[in-house]
Structure formats: structure tokens, C-alpha cells
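**Q** Sequence first, then the predicted structure:
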Amino acid sequence: MTVYNFSAGPAILPKPVLEQAQNELLNYRGSEMSVMELSHRSSLYDNIIKEAEALLREVMEIPDNYHVLFLQGGASLQFSMVPLNLAVGKKVLFVNTGAWAKKAIAAAKNVAGVEVEVIASSEDKNFSYIPEINPEMIDQDAAYLHITTNETIGGIAFKELPTTGKVPIVADMSSNILSNDYKVEDFGVIYAGAQKNIGPAGLTIVIIRDDLLNAEPVFAPMLDYRVQVENESMYNTPATYSIYIAKLVFEWLKNLGGQAEMYRLNQLKAKILYDKIEASPLFKSPVSKENRSITNIPFITGDSDLDKLFCIQAEAAGFKNIKGHRSVGGMRASIYNAFPIEGVEALVDFMTQFELENGNGAK
């Protein structure tokens, strides 16, 4: 039985990457050591982390006035680290689009000296759309506007960025980094947990514009962007193996044709599934058409018992982790960069068979 992993994270990795890691597991480049055993101060590992940064800069076309950091703590730590570095004594603007945006808002409110203002929200319709953001809503004295470019749980995504004037956009891009057509220069800060499109859990990517580095020291050096930049992400021992896998993923993505080709393929995969949902007499999407994610696709039958049956049968058929997040229920197909188009096609076939056996002909 072929297994397809629809997990929202930790998620599927490219098979060629896993095979290369397997081949190098016990003996990395003649060292007779695994990457997991290499000193992060060794020349071999220095090459790994520098190659990882160079590759990421290439595939994302990161301008020279941006720093790339390989940190730890996930996006959840960035919820606090960003306002701590950029916004003490200032106002921060937020767009509330779902579970992860709400967590970022709550964390910022706990940072002393930071004023938080939610300028737009889609909570009124259960976070099923991206709210409109007008330029006049952006206080030009604010430190930044924070958005979650893709809500992993709710399955909505920003297709166009708001116009913010001189106010930089800070983005949690955890679930659609490297899978979209965003331009780095349109953001002040981008951060993303690695465990969806980049590599194993434990690594966090931060891309920060040079002029946004904090001028004043942060009370904890580990939480200080300037300290991390000055120490080239090695103030402490970094997540060495996760960075190594990320480097292999960046190589794989580059060889595939880069971010633009990945975006094209992701649009194609998503279209196959959304077309099925739209034509289905049984399944439906709870998300506004204009704001649907191409990486996390929730769908429901409208009957919670039928949803449970689908998840049970899908799991038995090899469609793993298709169950929706516990907070919303239903189903969710997370089809990140490494997810094969064959898996989407197989899911659509399974949905068709399930309709024949359980559908009542009513949408």
C-alpha cells in the first residue's frame, strides 16, 4: 500500500533528500562521522551552514540588505522575539486571521512596553476569509504590521499584501514559505518554522532587513537579533542536523527549478483538489474562494459523523494525517512542496469512491 502523508507538520520531506541523508548518515564527506556528531565550529559544518544560507538566498532572491538567521524555538518564540526587538515603546498592528495570528497577538500583548492594535479580523465568520485592509487603517507611527501569510489550521492565505506606506510588514510564513510568489523585499521580517516546507522540526528561519535590527540590547542575548546576526546564528549550538537537512531541501528546490516552479506545481496540485471539492455532491470547502490556501486545504461533508468515517477509512487506505485540526474538525490536506501530485490524484479518487458509497447527492 502506498502511503501519502498529509500531516500539517512535521510534514513530508522530499524522498531524494531523505535518501541522500541516509547515504551520508554515518560518514559525512569522508569524516567517518555523522553530521549529528560534527562540531558546529568545524570546517565541515561551517560549509554546511554557509551553503544553506547561500542556497536560501538564491532560491528566495533575498537582497543583500537582509540577514538570514537559523534559530530555534519555532514561530512561537518569534511571536515574542519580534516585538521584543522591534517594538518596545511602540505600537504594533495585527491582522487577526486565525489560530496562529491569535497566538502571535496574545504573545505580543505580554511583552512589556508594546501596544497592540488589531486593525482587522475575520473572526466574525470563523476565519474563513482574509479581511480587507485599507491604507488609512495603517498608523504610520507603528513599528510594523504583522500578518500570518497562511493559516495552517483554517486554510486561508494572503494572495496580495496590504499597502502599508513606511510601516514594514512582519510575516509568519511558516506554512507557505518557499511555496508562493512573495518577494522578500516587500517584507521587513519573515519568520518560519522549518517543519512544513524546509526540514525537520527544531529549526526556525528568520529573514530580517538590516535597518530593522534592534539598536538597544535585549535583556536575553539569545532573544537579541543583533547578537544572533553578529554571531552568524551560532551564539549557541544551532540545530545542526536540521540545518543540514534544510540545505539539502534548498538544493532539491533549486534543481527542481526554484521557487517559481514550486509555486506553479503547488497551484496545480491545489487546483486538482479544489476542482474536486467544487464538483462534489458531498464535500465542500469552508473557506472563501478568493482566500483559499494552496498548501493547507480543509474540507468537510457537513456531517461530523461522516467526516469521522472518512478519516477512518482514509487512514486505513494509506492517506495519513488527513484529519482536520482538533479545533475545527473535518478534514485537511496539507500538500506542501514535497507532497507529490500523485498523492493528490489518489486522494481525489478516494473521495469519489467515498461519495458513491456514502453520498446523498446533496451539496
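**A** Yep, it's here. It should be emphasised that the depicted structure is a prediction, and the values quoted were computed from it without experimental measurement.

**Q** what stretches of the chain score poorly on pLDDT?
**A** 360-363 (pLDDT under 70).

**Q** Now with 50, please.
**A** 361-363 (pLDDT under 50).

**Q** Please identify which helix or strand holds residue 246.
**A** Using DSSP states H and E, residue 246 sits in helix 240-256.

**Q** Buried residues, that helix. List them.
**A** Residues of helix 240-256 classed as buried: 240-253 (neighbour count, 16 or more other Cβ atoms under 10 Å). Where C-beta positions appear, they are placed from N, C-alpha and C, glycine not excepted.

**Q** Beyond it, next helix or strand please.
**A** Once helix 240-256 ends, the next helix or strand along the chain (criterion: DSSP H and E) is helix 258-279.

**Q** Adjacent strands (with direction) for the helix or strand just after that next one?
**A** Downstream of helix 258-279, the first helix or strand assigned by DSSP H and E is strand 296-299. Strand 296-299 has its sheet partners listed here by DSSP bridges as strand 331-334 (antiparallel).

**Q** pull the CA atoms of the helix or strand following the partner strand into CSV?
**A** For strand 331-334, the succeeding helix or strand toward the C-terminus, using DSSP H and E, is helix 341-358. Provided in CSV are the C-alpha atoms of helix 341-358 (Å, rounded to 0.1, in the frame of the first residue of the first chain):
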residue,chain,number,x,y,z
ILE,A,341,0.9,15.3,-7.3
GLU,A,342,0.1,11.6,-7.5
GLY,A,343,-0.9,11.8,-3.9
VAL,A,344,-3.5,14.5,-4.6
GLU,A,345,-4.8,12.5,-7.6
ALA,A,346,-5.1,9.4,-5.4
LEU,A,347,-7.0,11.4,-2.7
VAL,A,348,-9.4,12.7,-5.3
ASP,A,349,-10.1,9.1,-6.5
PHE,A,350,-10.7,8.0,-2.9
MET,A,351,-13.1,10.9,-2.3
THR,A,352,-15.0,9.9,-5.5
GLN,A,353,-15.4,6.3,-4.2
PHE,A,354,-16.4,7.6,-0.8
GLU,A,355,-19.1,9.7,-2.4
LEU,A,356,-20.5,6.7,-4.2
GLU,A,357,-20.7,4.7,-1.0
ASN,A,358,-21.9,7.5,1.4
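
**Q** ok, and what's touching helix 341-358?
**A** By Cβ atoms under 8 Å, 6 or more residues apart in numbering, the residues outside helix 341-358 that reach it are 2, 4, 6, 265, 268-269, 272-273, 276, 280-283, 306, 309-310, 313-314, 317, 319, 322, 333, 335.

**Q** what angle separates it from helix 258-279?
**A** Between the axis of helix 341-358 and that of helix 258-279 there is an angle of 10 degrees, by axes from the mean of the first three to the mean of the last three Cα atoms, to 10 degrees.

**Q** which strands and helices sit next to the helix holding residue 246?
**A** If you count contacts as 3 or more Cβ pairs under 8 Å, 6 or more residues apart in numbering; DSSP states H and E, helix 240-256 packs onto helix 15-24, helix 43-60, helix 258-279.

**Q** thought residue 170 was touching residue 145?
**A** Yes - using Cβ atoms under 8 Å, residue 170 is in contact with residue 145, at 7.0 Å.

**Q** what's the closest residue to residue 52 other than its chain neighbours in contact with, if anything?
**A** Take residue 52 and drop its neighbours on the chain: the residue closest to it by Cβ to Cβ, 6 or more residues apart in numbering is residue 247, 3.8 Å away. Residue 247 sits next to 48-49, 51-52, 55 when contact means Cβ under 8 Å, 6+ apart.

**Q** If any of these are buried, give me the ChimeraX selection for them.
**A** Buried subset of the contacts of residue 247, written as a ChimeraX selection, criterion 16+ other Cβ under 10 Å:
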select :48,49,51,52,55
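
**Q** I'd like to know which of the contacts of residue 247 is nearest to residue 199.
**A** residue 52 (9.5 Å; Cβ to Cβ).

**Q** one step back: turn the helices and strands packed on helix 240-256 into a markdown table, columns for distance to residue 227.
**A** A markdown table is the format used below for those (distance: least, Cβ to Cβ, whole Å):
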| stretch | distance to residue 227 |
| --- | --- |
| helix 15-24 | 31 |
| helix 43-60 | 17 |
| helix 258-279 | 30 |
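
**Q** buried stuff in stretch 156-175?
**A** Using 16+ other Cβ under 10 Å as the test for burial, stretch 156-175 gives 156-158, 161-162, 164, 167-175.

**Q** On the three-state scheme, the nearest residue in space to residue 41 that is not next to it in sequence is what?
**A** When the adjacent residues along the chain are set aside, residue 41 lies closest to residue 234, with 7.8 Å between them (Cβ to Cβ, 6+ apart). Look at residue 234: counting by DSSP: H, G, I helix; E, B strand; the rest coil, its state is coil.
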